[in-house]
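Student: just a sequence and a predicted model for now, questions to come.
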Amino acid sequence: MDPIRRHLLKAAGLFVASRAFAGDQQEANMQSSSVKPRHVLCFLGKNESLLHPPKAVAKTIADFGFEIDRTYSQGKPDPRMERSFGVCWDRVFPKAWSASDEAAVANHKSVLYLRSPPMAQQKTAAYSAAALQIVDEMFDAGAVAAKGESAGVAHGLARWRSLMDQARKGSITSQGLRMTPAVTKACRLAFAKRPLAGDRYYETVGYHLVGLPEVYVAKSRGNEWSAVMLMEEIANAMAEHGIDATLRDRKLALSREQDYAEDDFKFNPYGIVRVEA
């Protein structure tokens, strides 16, 4: 078995004799909501074979506890996909998608949805790294486009590959394979969307997929690009030093108030950090 895959299975608690990975957060017990986040991944293909992944990919999907949603997957084009991907493309990273990625979406012939199991907070990074590996393997198996439905974010093929490479390299340390802040960051960049413009704040959505609260930055502090930089700075600090320590050092508070209902995949059970002007 590939060592990265074996490591992810251990970290997610899905491997015999597994143990909690080193990045477990002490804040796991602060969760006031019983909701556990889930990944929903959307893949587009050239034909109906997308609905029946090759045996090796199907094993990866099953090993990580993901499942194919047969209710919404279909062996025909979905006319809503061009608009959906158009809204979801990541506009923060330069050239996150290309004209060929847009053409692949426009010309797709099949749609496959995968769902992760509900994720405990201390396992979210491991499951998100697993989701990223599944995306990588699905492209190898013939998928032409992919997006994360749980936060509504899409990247082009090259960007997905780059994020997987970042996660892979970030998990290798002098002590061997570990879940590290670098892995969490790669997964956050892969599956979270930002900045969304609300009435008063620039907002993130999807940080719950790596076990973190969302970060909202008051619009009055500056433009959306400065807000993104602050979002990343705070998220990196929370991943490396812990949520409580980061909020304490920055004199920030955690709020449980949000617009998403608990049955919405975008609902963040870990709350929201609002950075005021």
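Tutor: Yes, it's here.
Student: quick one: the strands in the protein?
Tutor: Along the chain, the stretches classed as strands by DSSP state E are 40-45, 67-68, 110-115, 145-148, 153-155, 172-173, 176-177, 193-197, 201-205, 214-218, 254-255, 272-275.
Student: how about low-confidence regions in the stretch 101-250 of the chain?
Tutor: Along the stretch 101-250 of the chain, the parts satisfying pLDDT under 70 run over 173-177.
Student: now the helices for it?
Tutor: With helices called from DSSP state H, counting those that start in this stretch, the stretch 101-250 of the chain shows them at 124-140, 157-170, 181-191, 224-241, 243-250.
Student: out of the ones you listed, nearest to L114?
Tutor: In terms of C-beta to C-beta, the element of the helices of the stretch 101-250 of the chain nearest to L114 is helix 124-140, at 6.8 Å. In short, each C-beta sits where N, CA and C put it, glycine included.
Student: and that closest one, how far out from the chain's middle?
Tutor: Chain-centre distance of helix 124-140: 9 Å, with C-alpha atoms, centre = their mean, to the nearest Å.
Student: tell me the contacts of the residue nearest the centre of the chain?
Tutor: Closest to where the C-alpha atoms of the chain average out (C-alpha atoms, centre = their mean) is F191, at 2.6 Å. Residues in contact with F191 (C-beta atoms under 8 Å, 6 or more residues apart in numbering) are 39, 128, 131-132, 148, 150-151, 153, 206, 209-210.
Student: between the residues you listed, which sits nearest R161?
Tutor: L132 (10.2 Å).
Student: count of neighbours near that closest one?
Tutor: Number of residues near L132 (other C-beta atoms under 10 Å) recorded here: 27.
Student: now the one 4 residues further on
Tutor: Other residues lying near D136 total 21 when counted by other C-beta under 10 Å.
Student: which residues are in contact with it?
Tutor: D136 is in contact with 160-161, 164, counting by C-beta under 8 Å, 6+ apart.
Student: ok so, going back, any chance of the helices of the stretch 101-250 of the chain in a markdown table, plus distance to E276?
Tutor: A markdown table is the format used below for those (distance: least, C-beta to C-beta, whole Å):
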| stretch | distance to E276 |
| --- | --- |
| helix 124-140 | 27 |
| helix 157-170 | 31 |
| helix 181-191 | 23 |
| helix 224-241 | 12 |
| helix 243-250 | 12 |
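Student: which one of those helices lies nearest to S100?
Tutor: Nearest to S100, of all the helices of the stretch 101-250 of the chain, is helix 157-170, at 7.9 Å by C-beta to C-beta.
Student: take the closest one, keep the C-alpha atoms, and write them as CSV.
Tutor: This file holds the C-alpha atoms of helix 157-170, laid out as CSV (Å, rounded to 0.1, in the frame of the first residue of the first chain):
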residue,chain,number,x,y,z
LEU,A,157,-6.9,20.3,-13.4
ALA,A,158,-3.4,21.7,-12.9
ARG,A,159,-4.4,23.5,-9.7
TRP,A,160,-5.9,20.4,-8.2
ARG,A,161,-2.7,18.5,-9.0
SER,A,162,-0.6,21.2,-7.5
LEU,A,163,-2.7,21.2,-4.2
MET,A,164,-2.3,17.4,-4.0
ASP,A,165,1.4,17.8,-4.4
GLN,A,166,1.5,20.4,-1.7
ALA,A,167,-0.4,18.1,0.7
ARG,A,168,1.9,15.1,-0.2
LYS,A,169,5.1,17.1,0.4
GLY,A,170,3.7,18.7,3.5
